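Asks: need the 3D shape of this:
(chains A and B)
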Amino acid sequence: MWEVTARCPLSCAHCYNVWTIEGAPTPHERSPVQRLALVDRLLPLRRRLRTLTLSGGEPLLLDVLESLVRRIAERMPRVQINLSTSGLLLEERRAHDLARAGVRLVQLTLLSARPETHDRMVGRPGTHEKVLAAMHLARQAGLAVAVYFVATRDNIDEWPGAARLALALGADVLVFNRFQPGGRALSCWRELTPTVVQLQRAMEQVTQLRRMAPVQLGTPLPCCEVGPGRRQDTLRCPIGTANAYPTIGPDGTLRPCNHWPASGGSLLARPLTQVLRHPYFGRPRAGSSGALLAALPAECASCKLARGCGGGCPAARCLANDVIYGRTGSCDDAGFNSADSRY
Amino acid sequence: MSDRADQKRNSRALPITLTIVIAAVWFNVLDISRLLVLCRAGSSRSYAEAMDLARMELQLRVVGLKRCAGRIGHLPRTLAECAADMPRFQALLDLDGPRKRGWQSMVDEPWHPDPDHKPVRAAQGEGPPPELDFLGLPIRYRPGPRPDGTWVHSDDALVPAVRKVVKASGGVPSGGGPFALASLFLQHRDREQRTLDHRASSLRAVQFGGLLGLILAGVLVSVRWRGRPVRDAGVASITLCGVLALLVTAGSCASLVPCFGMVSFCSSRSGRHERLEILEQGVKRGEIPEEVARTARRYIGELPGRRW
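Replies: You can find the predicted model right below:
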């Protein structure tokens, strides 16, 4: 993933971007020339890299986005280029330009089928209508569309409606993301985090929706939250595995994932191969800074399933001070305990 | 937000297309094999043709009539034609007694297991006189380095021919009585035909059984397949593969009926109707507001479709 800019016209309460953490410095954005140079820095990965998602902030705020996409497509023709956008700035001509430049898939976030819910969550009226229009334009331009739903306590009950609306508008894939503490949301993560009961109800709806279309889960979910008999939906954090998605920040630094605030080094200062030697990017080892990523939360210490489950998102766990998701108490409410061997 | 969408798999068009291709290849390969078997059985049904081929091969390549043909300027129809210039053939013609006895027994008392079996001449129609037909010569043969007790033993030139016919026919008749090479061919033909008929019917069963299994497996895999939805290119490839498979398999205008059916099916699944249905479900459940649905309906009317 590449966060090409930190600028964004929205102010989502659930935003996870690391530079939106209260008190965090605004990243120094790189010039167009430096961004093009960054593409060349990625060349050692061109055979292993399958997809590169251009994200933000709002990547469509970059005037040079098309040339950046074209450069990536030229240098790494086997890499699928995705664009993660709010859709607010997507116009017909730009959609076609991006498709011609090499973008294959557009990732849009739809938080509800109800405009008032969506607009309230992103902090800007009229955004819902723009998202629907962006889906339409992307499809017309021949781009695949992935619709992301970020489930907070406010909107998780509106997930089926958002999913049906997205499918009706031609979404190729739906991604269900449970809200993760991070970024701006650290100030109110308790209010935003869905309860275990809410989440399990949503997971049942995921099962029903999968009869109609592909629905993927996008965030690490521990088994005690996804519910009994749904071990296949337990998602372990992919950091340290082949499925990891290191993230380049707007300042050119490389982080283990888009949720993790600390970087392993700047790609403009050091070659990629050297940056990748940082403990963040290898298999976590005891005593190294990478071990923090693999550490389990305290409440999972005695859980038999912890090894396969991983205890959810380590970044969110660290950022939210190791007590997250309301797992304490909620697990017991839902009928789970650490000795449960039903999974 | 993670990047899980990047790890999406191919659409359901892949297993459907693969199923059609594999099923079509399976059906056609088995069908061609069966037709080849039937063709062989059919050719062996032509008794006269088989006999002609055998005679041609034996007489030209083994017995030495090719040399005779070179001398007399044309392919000899009887041994007598060669005997005039080549004394070695005279020995065959001098075998009057045994030859007549042998022929008489074949005409009067057919020993072929088929009760409707007619003597070689009758079945063969036109041809050389029976007493001069090499294949009609009654012979005895015991396997070994040198045939013993054959009535044609006096001419060594015939020994390799007899051996070859016996070998090709799968062995000498039990009982050790006199037999004609033609009868050996006849028996061999019947045996081969029965085997081929049986093999053809087995192939037919395997062909349709396998086809059914492949389709069932394809349906099961396709139903359980998780991947990105089928797009226009996917539907086009399914339709194209289906049409080609039907044309290749059926090879007639009748195949256009299921072709049209398939295209119609694909068109009906082209998404617009289905997407509207999904939308209306959402509206009916109160999940999607009417004003949003109105916008969505407008977009659905303009967009190329998402597939199931």
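Asks: neighbours of the closest residue to chain A within the stretch 201-308 of chain B, how many?
Replies: For the stretch 201-308 of chain B, the residue closest to chain A is B:E287, as judged by CB to the nearest CB, at 2.9 Å. No exception for glycine: its C-beta is placed from N, CA and C like everyone else's. Close neighbours of B:E287, defined as other CB atoms under 10 Å in any protein chain shown, add up to 21.
Asks: contacts only, for it.
Replies: Under the criterion of CB atoms under 8 Å, 6 or more residues apart in numbering or on different chains, the contact partners of B:E287 comprise A:113, A:158, A:160-161, A:164-165.
Asks: which one of those residues is nearest chain B?
Replies: Nearest to chain B among those: A:G161, at 2.9 Å, using CB to the nearest CB.
Asks: how about the residues of the stretch 51-200 of chain A by chain B?
Replies: Along the stretch 51-200 of chain A, the residues adjacent to chain B under the rule CB under 8 Å from any CB of the partner chain are A:51, A:53, A:80, A:82, A:84, A:105, A:107, A:109, A:113-115, A:128-129, A:132-133, A:135-136, A:139-140, A:144, A:146, A:148, A:150, A:158, A:160-161, A:164-165, A:167-173, A:175, A:177.
Asks: narrow those residues to those in helices?
Replies: If you go by DSSP state H, those have A:115, A:128-129, A:132-133, A:135-136, A:139-140, A:160-161, A:164-165, A:167-168 in helices.
Asks: ok, and the most crowded of these?
Replies: Each of these was scored by neighbour count (other CB under 10 Å); the top score is that of A:L165, with 31 neighbours.
Asks: now that residue, nearest residue through space, not along the chain?
Replies: With sequence-adjacent residues excluded and distances taken as CB to CB, 6 or more residues apart in numbering or on different chains, A:L165 is closest to A:A113, at 4.3 Å.
Asks: count the residues that sit near that neighbour.
Replies: A:A113 sits with 30 neighbouring residues when counted by other CB under 10 Å.
Asks: wait, isn't it in contact with B:E291?
Replies: No: in this structure, A:A113 sits apart from B:E291 without contact. The criterion is CB atoms under 8 Å, and the distance is 10.8 Å.
Asks: before we move on, back to that, looking at the ones in helices among the residues of the stretch 51-200 of chain A next to chain B, which is nearest chain B?
Replies: Nearest to chain B among these: A:G161, at 2.9 Å, using CB to the nearest CB.
Asks: how much space between the nearest residue in space to A:R104 that is not next to it in sequence and B:G209?
Replies: Across the structure, with CB to CB, 6+ apart as the measure, the residue nearest A:R104 apart from its sequence neighbours is A:Q80 (5.1 Å). Distance, A:Q80 to B:G209, using CB to CB, to the nearest Å: 42 Å.
Asks: who has more neighbours out of those two?
Replies: A:Q80 (18 against 11).
Asks: report the contact partners of the more buried one.
Replies: Contact criterion CB under 8 Å, 6+ apart gives A:50-52, A:104-105, B:6 as the residues in contact with A:Q80.
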